[in-house]
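A.B. asks: coords please:
(2 chains)
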2 protein chains.
Amino acid sequence: MARWEADATGRLREAALELYVERGYEQTTVAEIAQRAGLTARTFFRHFADKREVLFGGTEALREQLVRGLAAAPESASPLQAVAAALEAAAAQLGRHHDRSRRRQSVINAHPELRERELIKMASLATALADGLRRRGVGEPDATLAAEAGIVVLRVAFERWVAEPADTGLSRAMTEALAQLRTVTSAG
Amino acid sequence: MARWEADATGRLREAALELYVERGYEQTTVAEIAQRAGLTARTFFRHFADKREVLFGGTEALREQLVRGLAAAPESASPLQAVAAALEAAAAQLGRHHDRSRRRQSVINAHPELRERELIKMASLATALADGLRRRGVGEPDATLAAEAGIVVLRVAFERWVAEPADTGLSRAMTEALAQLRTVTSAG
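C.D. replies: Coordinates of the predicted model:
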C-alpha cells in the first residue's frame, strides 16, 4: 500500500471516531467522515465497505498478529502457554493507542449492532487461534478450549484496560486476566 | 399457556426443522411451516417473529434454567462450581432430544447468519451467568471469567454431544469438557 493510501485509512478512522463521539454513530454519514478527513466519499469506499467497518478495519492485522505469536511460541509450550504468547503479540498491536481504543469502545458499547459485530469478530479470532493450535499438533477439545479461553482473557483484559483513565498497559492487563482465569478454573 | 398453544409451538418447531433439513432453510417459507404443522401462518406469527426465531425459541427457558441452577448451588461453592451446577441444570433441559438437537445444529452450522445468531444467544447466556454470579457476591473479573468459561464448556460439550451418532448424554459431555478446561488452564 502506498504511503498516502495508508494515511487515508488512518485519517478516515480518526475522522469517523471523532464524529461518532461528537455527534453519535447513527447521526454520522460517510460524506461527513470523508469531509472531516479531507477526502471524498469515493475514497472512503475504496477503503471501507460502510461506516460500521471503519471501526473494525484492524481485525485482519490483529488476527495475523495472534497467529504469528502462536506460531512463534516454543514447541515445548502447552496450548495455553502458546495462547499466552499469541495474546502478548496481540497486545503489542492492540495496546498502542489507549485513548483511541477507549473512544472506539465507548461507541461500540452504546450500540447493540456494533457489540454483535465485535462478538462475531472475537469468535473469528478464536477460530483462528484454534486452527493455529491444531497446526501445532494440539488435539480437540483442547485446541478449542485453549483458544476460546484465550479470547475470553483478551476480552476481559481489553475491557479493563480501556475502562482505566490512564494507560497502564494492555500487556499487563492480559497477564493479570490470564492469571485470574487460572485461579478461577483451578478452584474447587 | 393453554395446552393447545404449547402444542402449537412444538408442532411449528418440529415442522420447521423437518422442512429446513428436507428442502433447506432458505427455500422454506413460513406458509409451508404452518401448513406442515396443520396451522395457519397467522398462528405461526403469534408464536415466532420469523422463520429464524423458530430455531431459537428455547433460549429464554435455557437462560432461566442456567440462572436457577446457579442460584441453587450451595453458598460455599466456588464461582466455577456454581457455574458447573448451572450447566448441569441446563443439560437436563437442553439434553432431552438428541436427534432434534443434531438436526437443529446441522441447519445452524450450514448458515453463517444462523451461526451469528447462535453466537449472540451464547453471549447473552454468559451475561446472565455473570449477573447471577455477581448476585452471589462474586467480584470482577472472576464473575465474567467463570461465566464465559462456563459458556465455552457448554458450547464445546454441546458440539461434541450432537456430533455423536448415539445419545451418550449431554450432562456427561459437560462434565468431561469442564474437566478438560481445568486441565488445559492448569498446564504450564
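
A.B. asks: So which elements touch the biggest helix by length in chain A?
C.D. replies: Using DSSP state H, we find that the single longest helix of chain A is helix A:112-135. Helix A:112-135 sits against helix A:59-72, helix A:79-94, helix A:98-109, helix A:142-163, helix B:112-135, with contacts defined as 3 or more Cβ pairs under 8 Å, 6 or more residues apart in numbering or on different chains; DSSP states H and E. Yep, even glycine has a C-beta here, placed from its N, CA and C like the rest.

A.B. asks: Buried residues, the third one. List them.
C.D. replies: For helix A:98-109, the neighbour count (16 or more other Cβ atoms under 10 Å in any protein chain shown) marks A:His98, A:Ser101, A:Arg102, A:Arg103, A:Arg104, A:Gln105, A:Val107, A:Ile108 as buried.

A.B. asks: So which residues on chain A come close to chain B?
C.D. replies: Applying Cβ under 8 Å from any Cβ of the partner chain, we find that chain A lies next to chain B at A:77-81, A:116, A:119-120, A:123, A:141-142, A:144-146, A:148-149, A:152-153, A:155-156, A:160, A:177, A:180-188.

A.B. asks: quick one on the thing from earlier: can I get the helices and strands packed on helix A:112-135 in a markdown table including distance to A:Ala49 and mean pLDDT?
C.D. replies: Listed next are those as a markdown table, based on distance: least, Cβ to Cβ, whole Å; pLDDT from 0 to 100:
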| stretch | distance to A:Ala49 | mean pLDDT |
| --- | --- | --- |
| helix A:59-72 | 13 | 94 |
| helix A:79-94 | 22 | 95 |
| helix A:98-109 | 17 | 94 |
| helix A:142-163 | 24 | 96 |
| helix B:112-135 | 16 | 96 |
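
A.B. asks: could you dump those to a markdown table with distance to A:Thr28?
C.D. replies: Rendered in a markdown table, the data for these read as follows (distance: least, Cβ to Cβ, whole Å):
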| stretch | distance to A:Thr28 |
| --- | --- |
| helix A:59-72 | 21 |
| helix A:79-94 | 24 |
| helix A:98-109 | 10 |
| helix A:142-163 | 21 |
| helix B:112-135 | 25 |
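
A.B. asks: rewinding a little: just the residues contacting the longest helix of chain A, thanks.
C.D. replies: By Cβ atoms under 8 Å, 6 or more residues apart in numbering or on different chains, the residues outside helix A:112-135 that reach it are A:25, A:52, A:55-56, A:59, A:62-63, A:66-67, A:70-71, A:79, A:82-83, A:86, A:107-109, A:140, A:142-144, A:146-148, A:150-151, A:154-155, B:116, B:119-120, B:123.

A.B. asks: for stretch A:177-188, same thing?
C.D. replies: By Cβ under 8 Å, 6+ apart, stretch A:177-188 touches A:80, A:84, A:87, A:149, A:152-153, A:156-157, A:160, B:77-81, B:141-142, B:145-146, B:149, B:181-182, B:185-186.

A.B. asks: and these, which are buried?
C.D. replies: Using 16+ other Cβ under 10 Å, the buried ones in these are A:80, A:84, A:87, A:149, A:152-153, A:156-157, A:160, B:77-81, B:141-142, B:145-146, B:149, B:181-182, B:185.

A.B. asks: So the nearest residue to A:Ala126 once chain neighbours are set aside versus B:Ile151, what's the distance?
C.D. replies: Once flanking residues are discounted, A:Ala126 sits nearest to A:Ile151: 4.3 Å by Cβ to Cβ, 6 or more residues apart in numbering or on different chains. Remark: distance between A:Ile151 and B:Ile151 (Cβ to Cβ, to the nearest Å) = 12 Å.
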